[in-house]
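>>> below are the sequence and a predicted model; questions follow.
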Amino acid sequence: MASVKISVVGAGSTQFCTTVIRDMCVTEEISGSHVALIDINPERLEQTYQFALRMVSESGAKLTFSKHGDNKSAFSGSDFVINTAAWRPDPGAVDPSYAQKMRDLGYNHYSPLGPGEMEQMEMLWEIAQDILAYCPAAWLLMIANPVFEGTTLLQRHLPQLKMVGLCHGHFGYREVARIIGLDPQHITAKSCGLNHKVFMYDFRYKGKDAYPELDKWIDAHEHDDAYFENRVFTSVHDHHLTRGNIAQYRMWGILPIGDTVRDIDWWNHMDEDRERYLFGRYGSFHSNLARARWNEQLEEKRIELDGAMASSAPLTATYPLVRSEEQVMPIIDSIANDVQRVFQINWLNTRGQMAGLADNLAVETEGMVCGAGFFPIIQPKLPDIVIDCILLPYQSVCDLKVNAFIKGDPGMLLQAVLFSSCTKSLSQAEQWLELWLNRPGYEYATKRYKK
């Protein structure tokens with residue numbers, strides 16, 4: 001067993017607080033370790049800190065915790081840095097009319113550059129610089145989006161940084177299994193691609209190819225309107241084996257998994273009525289209805305946590321000490337204790353693990369992890385239609401964003417905006433970029449493009 005120091009940026013996240021801290025408490029292999037919790041929101045940081053102390057007390061885990069408002073005071077001596085943070089502007093400085101101005105230009109609540117991706121990249125870069133300054137030997141486990149662009153940026157331009165990008169969208173195969181009536185405990189699956197653009201190339205039930213079972217289910221339900229009308233959707237991520245997902249499978253000959261389902265076919269996202277018909281009750285994750293439900297779910301989790309923390313009942317009554325499916329703590333155990341395992345990772349394509357894509361691009365594949373680090377595993381080549389029509393265009397936009405960030409070039413940002421399916425003219429894209437570059441409250445994220 002190895003005792004390590006783990007620093008967590010964005011520890012005020014409710015999802016982190018209730019999931020990864022429990023995983024830490026049940027990972028006996030890191031007994032004696034210290035966890036530095038970091039967040040700029042003092043109230044949420046304090047709640048996470050108190051949650052951690054109570055979980056340690058109830059579980060008997062041999063862990064200690066400290067709380068910090070900045071990276072510098074926390075990072076020294078860290079072996080691992082987990083980044084879950086999402087950058088947000090000061091609410092008091094934000095122009096409340098910005099969202100309406102964006103809609104007036106023909107864009108929804110998401111930027112055509114992605115949901116806060118350029119703003120996040122600014123923060124990811126700053127965190128990486130702090131790691132190199134205060135704990136250069138530490139591994140950065142990057143959970144915060146954008147994993148694709150962020151991993152490409154950091155591994156391409158800071159090669160001395162030890163880091164990996166992580167996501168859990170590939171676990172979508174379990175939902176697929178449940179829908180078609182197979183026990184997920186007996187399912188294995190493999191997928192690869194680019195983060196949020198991954199495809200399940202192998203699907204097995206008790207060791208046997210389960211794609212025939214999937215095809216059989218689709219043949220029986222594809223045109224069953226009653227099934228889709230009566231299907232219960234509880235989450236904005238319940239989009240596997242909807243009409244839209246089945247159409248994607250028919251078009252590309254391989255099943256898109258996880259977040260991939262929501263945005264690889266722009267022609268099915270031109271209006272929300274069509275989205276709901278194709279992808280269920282909430283439509284696309286990008287729809288107004290889905291975003292409203294997502295915010296409701298976050299608030300429900302926050303209320304649940306507030307209630308559990310205010311109660312004298314054990315926290316474990318609400319948050320049982322059961323290991324989650326998150327990869328973070330098993331990866332830390334593998335590196336700290338030299339335990340060889342295979343995980344889904346995002347890593348530069350330097351080994352050619354994804355045929356048909358650039359070698360300086362972060363790809364999502366299986367990778368072997370042990371005390372020596374991460375070793376991506378070469379994957380079977382995806383169908384040419386997937387590479388040519390989905391992955392290569394996504395690669396081009398990523399290059400534009402990363403190069404724009406490094407060079408501070410607004411012209412490259414403009415080209416990335418022109419790739420958006422919502423962009424109908426050069427004038428529209430230019431007006432949006434001018435609006436985006438001059439938002440009050442966002443100077444931190446946009447100053448590099450005003451050189």
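Everything's here; your move.

>>> isn't R54 right up against L315?
Yes: at 5.1 Å, R54 counts as touching L315 under the criterion of Cβ atoms under 8 Å. (Glycine included, C-beta is placed from N, CA and C.)

>>> any common contacting residues for the two?
M309 (Cβ atoms under 8 Å, 6 or more residues apart in numbering).

>>> who has more neighbours, those two?
Comparing R54 with L315 by neighbour count (other Cβ atoms under 10 Å), the higher total belongs to L315, at 22 against 17.

>>> can you give me the helices in the stretch 1-150 of the chain?
Using DSSP state H, counting those that start in this stretch, the helices found in the stretch 1-150 of the chain span residues 14-25, 42-59, 72-75, 98-104, 117-134, 147-157.

>>> how far out from the middle of the chain is the second one?
What it means is helix 42-59. Chain-centre distance of helix 42-59: 24 Å, with Cα atoms, centre = their mean, to the nearest Å.

>>> tell me which other helices or strands that helix touches.
With contacts taken as 3 or more Cβ pairs under 8 Å, 6 or more residues apart in numbering; DSSP states H and E, helix 42-59 sits against helix 14-25, strand 33-38, strand 63-68, helix 288-310.

>>> over to the last one?
Contacts of helix 147-157 with other secondary structure elements, assessed using 3+ Cβ pairs under 8 Å, 6+ apart, are made with helix 117-134, strand 139-142, strand 162-165, strand 341-348, strand 362-370, helix 392-407.

>>> could you dump the ones you listed to a markdown table with mean neighbour count?
Listed next are the helices and strands packed on helix 147-157 as a markdown table, based on neighbours: other Cβ atoms under 10 Å:
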| stretch | mean neighbour count |
| --- | --- |
| helix 117-134 | 20 |
| strand 139-142 | 24 |
| strand 162-165 | 24 |
| strand 341-348 | 19 |
| strand 362-370 | 23 |
| helix 392-407 | 19 |
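
>>> quick one: closest of these to Y442.
For Y442, the closest of the helices and strands packed on helix 147-157 is helix 117-134, at 6.9 Å, according to Cβ to Cβ.

>>> what's the mean pLDDT across the closest one?
For helix 117-134, mean pLDDT is 95.

>>> check stretch 213-228 too.
Stretch 213-228 comes out at a mean pLDDT of 96.

>>> quick revisit: and the helices and strands packed on helix 147-157 as JSON lines, adding distance to G181?
Formatted as JSON lines, those follow (distance: least, Cβ to Cβ, whole Å):
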{"stretch": "helix 117-134", "distance to G181": "38"}
{"stretch": "strand 139-142", "distance to G181": "35"}
{"stretch": "strand 162-165", "distance to G181": "33"}
{"stretch": "strand 341-348", "distance to G181": "25"}
{"stretch": "strand 362-370", "distance to G181": "27"}
{"stretch": "helix 392-407", "distance to G181": "33"}
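
>>> can you tell which of the ones you listed is closest to F16?
Among these, strand 139-142 comes nearest to F16, with 11.9 Å by Cβ to Cβ.

>>> which other residues reach the closest one?
In contact with strand 139-142 (Cβ under 8 Å, 6+ apart) are residues 79-83, 124, 127-128, 131, 150-151, 154, 161-166, 328, 331-332, 335.

>>> then stretch 283-292?
Outside of stretch 283-292, the residues within contact range by Cβ under 8 Å, 6+ apart are 108-110, 236-237, 239, 259, 262-263, 269, 272, 275-276, 281-282, 294.

>>> among the residues you listed, name the buried ones.
Taking 16 or more other Cβ atoms under 10 Å as the criterion, what is buried in these is 108, 110, 236-237, 239, 259, 262-263, 269, 272, 275-276, 281-282.

>>> in the residues you listed, find the pair that's most separated.
Longest distance between any two of these is 19.7 Å, between Y110 and R281; criterion Cβ to Cβ.
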